[in-house]
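1. Here is my input, please return the structure:
(2 chains)
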Amino acid sequence: MTVLGLTALVATGSVAAGLLGALTGLGGGVVIIPLLVIAFGVDIRYAIGASLVSIIATSSGAAAAYVEEGYTNVRVALVLEIATALGALSGAGIAVYLRTDVIAITFGLVLIYSAVQALRPPSSEALADRPDRIAAFLRLDSSYPTSAGTRDYHVRNVPTGFALMYGAGILSGLLGIGSGAIKVLAMDRAMHLPFKVSTTTSNFMIGVTAAASAGVYLRRGYVDPGLAMPVMLGVLAGSMIGARLLHRAPPARLRQIFAVAIAGLGMEMLYRGMTGTL
Amino acid sequence: MTGRDSREAAFDRTLGHVLRAGVLLAAAIVAVGAVVYLSRRGMDPVDYQVFRGAPPEFRSVRGILTGVQSMSGRGLIQLGLLFLVATPVARVVFSVAGFIRQRDWLYVAISTTVLMLLAASLFGG
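-> Alright, predicted model coming up:
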């Protein structure tokens, strides 16, 4: 294939990746890696480098709109970013002692299980209106726009969310991708944030997580300009379209899309763990 | 006390502007690099099946800047990607500044911690 042909095809696929990434809070990597590896036969290391670029592009491209519209909880994001950054640093330190294939398979199974769970909203008991002391101290409670106007919400179980985010940081340090899935699940399941707040806050955070490891990937030669260029431009366009669609998307439908996406990610992790392509 | 007050909304708008400016600047540089790269190499065959790694001159900030000076299309693309990587970092820097202006010392501390951890992983790894 010629450079021009590959650029056009990869850019087109990347628009879809950016759209899905922006709507689910997962980043573009969920689509980019299988697209490049399976459809174009790209070596996994180039694909990981392109995926990193796509995560930062999705995050920053959609976040501008999400923050301005008031979906993203900036304070929750900053508090949890401490946990992810600590996790990423310790993940890099323990990588030599762990078998990444075992981790990938475990993570894959957890994601497939979570996909089934994610279809159901948290039980109404859990959404009860009792304030949480830590959330109150950190002033995490906020409000977000819905089709029926602005709605207040409370944040719960901050320590659990913090611990899960630490785990997400370790995993992203070890496996390169997949931290968006845990971020959304931790905020949705453990901290009981509204689904759109969970996905947009995850989207806001993954850019920082990915940027932290960009230097390493650049030095290793994973970020090839010829491949990263159509990915970046395509994903950015897709994420900006996605950010416009979120407002109208019903949360139940978003949950379905998210569940399918993390089930796919889980299968990808199983495959990569079993074939040793990490 | 819940809900977002007007000061908070203004702060969020500033963060939105930072993010949008960062990605648009990065995309513009990548697009210029793409035009140069595609006009020169568009008809060349490509193959990413075997990992050779990106050319060494595109793996470091210094190498990328040298490439940009000689109007290398791929050098420009990498420069745009550096701006892309810098965008989320800039967002954290602006958060620190925003909380200082609001005299919200708890969040000055939290966002400064994030920034230091980010610097540690960017320059330590």
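2. what helix or strand is the residue lying closest to A:Ser59 once chain neighbours are set aside on?
-> Once flanking residues are discounted, A:Ser59 sits nearest to A:Gly207: 3.0 Å by C-beta to C-beta, 6 or more residues apart in numbering or on different chains. Backbone N, C-alpha and C define where each C-beta goes, glycine included. Element membership of A:Gly207 [criterion: DSSP states H and E] is helix A:195-220.
3. Toward the C-terminus, what is the element adjacent to that helix?
-> Under the assignment DSSP H and E, the closest C-terminal helix or strand after helix A:195-220 is helix A:225-245.
4. Show me what counts as buried in that following helix.
-> When neighbours are counted by 16 or more other C-beta atoms under 10 Å in any protein chain shown, the buried residues of helix A:225-245 are found to be A:225-243.
5. Go back to those and keep what's next to chain B.
-> The overlap between the buried residues of helix A:225-245 and the neighbourhood of chain B (criterion: C-beta under 8 Å from any C-beta of the partner chain) consists of A:225-230, A:232-233, A:236.
6. For the closest residue in space to A:Leu185 that isn't next to it in sequence, which three-state class applies?
-> Setting aside the residues directly before and after it, A:Leu185 is nearest to A:Ser114 in space (C-beta to C-beta, 6+ apart), at 5.5 Å. When classified by DSSP: H, G, I helix; E, B strand; the rest coil, A:Ser114 comes out as helix.
7. longest helix of chain B?
-> Using DSSP state H, we find that the single longest helix of chain B is helix B:6-41.
8. buried sites along that helix?
-> By neighbour count, and taking 16+ other C-beta under 10 Å as the criterion, the buried residues in helix B:6-41 are B:8, B:11-12, B:14-16, B:18-20, B:22-24, B:26-27, B:29-30, B:32-34, B:36-38, B:41.
9. Could you tell me the angle between it and helix A:195-220?
-> 40 degrees (axes from the mean of the first three to the mean of the last three C-alpha atoms, to 10 degrees).
10. and helix B:6-41 with chain A, contact?
-> Yes. Residues of helix B:6-41 are located near chain A by C-beta under 8 Å from any C-beta, namely B:9, B:11-13, B:15-17, B:19-20, B:22-23, B:26-27, B:30-31, B:33-34, B:37-38, B:41.
11. Who are the packing partners of that helix?
-> When contacts are defined as 3 or more C-beta pairs under 8 Å, 6 or more residues apart in numbering or on different chains; DSSP states H and E, helix B:6-41 sits against helix A:3-24, helix A:44-69, helix A:74-94, helix A:225-245, helix B:73-101.
12. between these, which gets nearest to A:Gly173?
-> Comparing the helices and strands packed on helix B:6-41 against A:Gly173 with C-beta to C-beta, the closest turns out to be helix A:74-94 (2.5 Å).
13. wait, what's in contact with the residue nearest to A:Leu185?
-> For A:Ser114, the contacting residues are A:181, A:185, A:262, A:266, by C-beta atoms under 8 Å, 6 or more residues apart in numbering or on different chains.
14. again, but for A:Leu227
-> By C-beta under 8 Å, 6+ apart, A:Leu227 lies in contact with A:10, A:36, A:42, A:46, A:49-50, B:48.
15. Dump these to JSON lines, plus pLDDT, distance to B:Ser95 and neighbour count.
-> Written out in JSON lines, the entries for the contacts of A:Leu227 read as follows (pLDDT from 0 to 100; distance: C-beta to C-beta, whole Å; neighbours: other C-beta atoms under 10 Å in any protein chain shown):
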{"residue": "A:Val10", "pLDDT": "97", "distance to B:Ser95": "33", "neighbour count": "26"}
{"residue": "A:Leu36", "pLDDT": "92", "distance to B:Ser95": "33", "neighbour count": "27"}
{"residue": "A:Val42", "pLDDT": "92", "distance to B:Ser95": "36", "neighbour count": "25"}
{"residue": "A:Tyr46", "pLDDT": "92", "distance to B:Ser95": "33", "neighbour count": "26"}
{"residue": "A:Gly49", "pLDDT": "90", "distance to B:Ser95": "28", "neighbour count": "28"}
{"residue": "A:Ala50", "pLDDT": "93", "distance to B:Ser95": "28", "neighbour count": "32"}
{"residue": "B:Tyr48", "pLDDT": "93", "distance to B:Ser95": "37", "neighbour count": "22"}
